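**Q** Could you look at this predicted model? Sequence included:
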Amino acid sequence: MTRRPLAVSSASVLVVVSAFLITSCREARFVAHVTARALDERPAQVVAPTPVAQAAPFDPLRIPPDEASTFDFRSDGTAENGDLLYHVRIKAGGNPATVALAKLTPLFEIDGESAPEYVTDAFFRANPERNARSIQPGDEFELELPPDTFVVRSTIEATETYGGTAIVRTYVSERGDVLRYYLTEPFPIRYETMRAGDPGNWVVRFDPDLAYLLTRGLTDPRRLAQAVYRVADPDVFQTERIRSLIADVAPHAELTLEVDRTHTYLDPVREVLSRASAVVPVTENDREDLTRYVFTPDSGSPFAAVEDALGTRSHITELPDGRVFRIQYGWDGVVRVFYRTGRDDARGMRDPYALQENERWAALYAAIGASTDSPVKWGPGIPSDLPPFPSARDPANGDEGSFDFLIPGRTLVLTFEPTRFQSDVRAESELRSGLREMQQELRGPIEQGSAIINWLTGRSRSGSDQPRQIVERAPAEGG
């Protein structure tokens, strides 16, 4: 299909205005919203830090198809160039603009034309004798659309409270794609899309005025994380990812973010805390600020146990510096210690690498029965960063990749690989036991041999066994 330059007739404008007057209040609000977008006129409503509420997970397949009462809309296959063809028949109370509002989305645009303008022009090309006031039931026209057009199958509109109150209209396409369009303005998110072939993975497009909303305090990293991840209590990873994303956002920037909503949280520990079979406070070794969560193999948790101080916090800055805030115990015996650096670490007065607790870790693994061959000793901790948090390394005082010098208030992870297991202890014990049994069995022969050696040594010293010296005498003369 040849794309034509923008040409809006007076009849088209009149049809759009007529649609505004005769359609339902819901449709009228949408037309007003599209007009406000085009003129860049924003309502005075602001995003307020209102309490958030958890909503039921969205399932697009549960939304029934929309039933149009003012027009018939039938697929006529595809054109030679691959464009989608639809046959449209106007019914009582209908017009081209109502078709556009029902079957296309606010994102539709071809050659500068919005959905109502494009559909209205298609109608008048097929019905040149008509004008805005003479459209009749039974009028028909062919609508040709690009192959990737989001043709609406169903819609639903709801008020949500993630990160602020907003009216969101959800569109489901004939292919099963999903568009969530925010009608409330100003709001930090403009719309979100999910493709049918990639369920749970969304692309979030932020409003071009995001920088303005942040500057005016109309949103912040935590509220933005609530809206993006659709959770009332975002974890520290979600909040930090948003904080990093918006750190240098420029005015009118086209900012997008890919979000995996197949999981509630980015933090793998936070994701599985509710599956713990036991929750107890930690009382050993100056770890009283940690809570221990123990898991069973059938829980689906990647950890046998976790000792955690984060809980439901959304900001890691709420934790004290210079402290361990999490210890993960893997099913394979690998222990990861999460540490918040403090001022003494930068001064060299504290060694954060001296966080190894062989006896306590071994006792814990033995108590929870995570393995029939639990670890009892670990090698030195290997330091690493924790994305998306900034590095704890201080490149100004050492090699860029070195952790010899640390910056206070940063996050450091130390990974301890097991070097000794219960099987090693049992093998050594069996070896010692075997040696003792062998010693008992050989005790008699050894004592006998020792006695013989002592006897031989004693006789040798007394000379009784000295070899005799034989002197041969010459025979006497005449003898």
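**A** Good, I have the coordinates. Numbers count the residues shown, from 1 in each chain.
**Q** From now on I want contacts and neighbour counts done on CA atoms only, so please keep to that.
**A** Fine.
**Q** ok, and the closest non-adjacent residue to T149?
**A** Once flanking residues are discounted, T149 sits nearest to F108: 7.7 Å by Cα to Cα, 6 or more residues apart in numbering.
**Q** Let me see the contact set for that neighbour.
**A** When contacts are counted by Cα atoms under 8 Å, 6 or more residues apart in numbering, F108 touches S114, A115, T149, F150.
**Q** In CSV, list those residues along with pLDDT and distance to G200.
**A** Listed next are these as CSV, based on pLDDT from 0 to 100; distance: Cα to Cα, whole Å:
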residue, pLDDT, distance to G200
S114, 96, 29
A115, 96, 28
T149, 96, 21
F150, 97, 18
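**Q** For my notes, please list those in a markdown table and give distance to G401 for each entry.
**A** Shown next, in a markdown table, are the contacts of F108 (distance: Cα to Cα, whole Å):
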| residue | distance to G401 |
| --- | --- |
| S114 | 53 |
| A115 | 54 |
| T149 | 48 |
| F150 | 48 |
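**Q** Next, count neighbours for the nearest residue to S244 once chain neighbours are set aside.
**A** Once flanking residues are discounted, S244 sits nearest to P388: 7.7 Å by Cα to Cα, 6+ apart. Applying other Cα atoms under 10 Å, we find 15 residues neighbouring P388.
**Q** Wait, a helix at P388?
**A** No - using DSSP: H, G, I helix; E, B strand; the rest coil, the assignment for P388 is coil, not a helix.
**Q** Now do it against L412, distance only.
**A** Separation of P388 from L412 (Cα to Cα, to the nearest Å): 12 Å.
**Q** do you know how far L414 is from Q356?
**A** Taken as Cα to Cα, the span from L414 to Q356 is 9 Å.
**Q** mind listing the helices for this protein?
**A** Taking DSSP state H, the helices of the chain run over residues 10-22, 25-39, 96-103, 115-126, 210-215, 221-229, 236-246, 268-272, 343-347, 358-368, 422-441, 443-462.
**Q** which residues are contacting the fifth one?
**A** It stands for helix 210-215. By Cα under 8 Å, 6+ apart, helix 210-215 touches P186, P188, T219, D220, V249, A250, P251, H252, A253.
**Q** pLDDT wise, what is the last one at?
**A** As summarised for this prediction, A253 has a pLDDT of 91.
**Q** Report how many residues lie close to it.
**A** For A253, the tally of surrounding residues (other Cα under 10 Å) stands at 13.
**Q** follow-up on the earlier one: could you single out the nearest of the contacts of F108 to W361?
**A** W361 lies nearest to F150 out of those, by Cα to Cα, at 55.7 Å.
**Q** Identify the contacts common to L414 and Q356.
**A** Shared contacts of L414 and Q356 (Cα under 8 Å, 6+ apart): G381.
**Q** Please report the distance of the residue nearest to S244 from D220.
**A** Going from P388 to D220 by Cα to Cα gives 18 Å.
**Q** Now the terminal residues of stretch 121-131, how far apart.
**A** 11 Å.
**Q** what's the least confident stretch among the helices of the chain?
**A** Mean pLDDT across these is lowest at helix 25-39; the value there is a mean of 41.
**Q** Would you confirm that T70 contacts G94?
**A** Yes - the criterion here is Cα atoms under 8 Å, and T70 meets it with G94 at 4.4 Å.
**Q** and these two? which has more neighbours close in?
**A** G94 (22 against 17).
**Q** Tell me if I'm right that that one and P137 touch.
**A** Yes - using Cα under 8 Å, G94 is in contact with P137, at 7.5 Å.
**Q** Near L218, how many other residues are there?
**A** If you count neighbours by other Cα under 10 Å, L218 ends up with 18.
**Q** Per-residue pLDDT of it, please?
**A** 95.
**Q** going forward can the numbers begin at 18, since that is how I track them
**A** Right, with 18 as the first residue, what we last looked at is L235.
**Q** any idea how far it is from Y246?
**A** According to Cα to Cα, L235 and Y246 sit 18 Å apart.
**Q** again, but for P425
**A** For P425, the distance to Y246 - Cα to Cα - is 29 Å.
**Q** more neighbours, these two?
**A** Legend: neighbour count by other Cα under 10 Å for P425 and Y246, higher for Y246 (24 against 19).
**Q** any low-confidence regions in the stretch 68-217 of the chain?
**A** 68-80 (pLDDT under 70).
**Q** Please name the residues that touch V220.
**A** In this structure, V220 makes contact with E209, T210, M211, T273, L274, E275, V276, judged by Cα under 8 Å, 6+ apart.
**Q** what about it, distance to R353?
**A** Counting by Cα to Cα - V220 and R353 are separated by 32 Å.
**Q** Next: Q457.
**A** From Q457 to R353 the distance is 46 Å (Cα to Cα).
**Q** Same check on T256?
**A** 22 Å.
**Q** and if you look at D156?
**A** 70 Å.
**Q** if you count what's nearby, which of these two comes out ahead?
**A** The residue with more neighbours, out of D156 and R353, is R353; 20 against 17, by other Cα under 10 Å.
**Q** mind pulling up the phi and psi values for the spatially most central residue of the chain?
**A** Nearest to the mean C-alpha position of the chain, by Cα atoms, centre = their mean, lies L283 at 3.1 Å. Main-chain torsions, L283, degrees, to the nearest 10: phi -80, psi -30.
**Q** Wait, it touches D252, no?
**A** Yes - applying Cα under 8 Å as the test, L283 and D252 come out as touching, 7.2 Å apart.
**Q** ok now do M211, which residues does it touch?
**A** D194, V195, L196, G217, N218, W219, V220.
**Q** I'd say P337 and R357 touch.
**A** Yes - counting by Cα under 8 Å, R357 is a contact partner of P337 at 7.4 Å.
**Q** Which one's more surrounded, the two?
**A** Taking other Cα under 10 Å, P337 and R357 do not tie; R357 has more neighbours (24 against 13).
**Q** among the contacts of F125, who's most crowded?
**A** Going by other Cα under 10 Å, A132 tops those with 24 neighbours.
**Q** how much space between that one and L160?
**A** A132 sits 12 Å away from L160, going by Cα to Cα.
**Q** circling back to that earlier point, would you mind listing which of the contacts of M211 are buried?
**A** Using 16 or more other Cα atoms under 10 Å as the burial test, these include D194, V195, L196, N218, W219, V220 as buried.
**Q** nearest to T436, of the residues you listed?
**A** For these, the nearest to T436 is N218 (39.9 Å; Cα to Cα).
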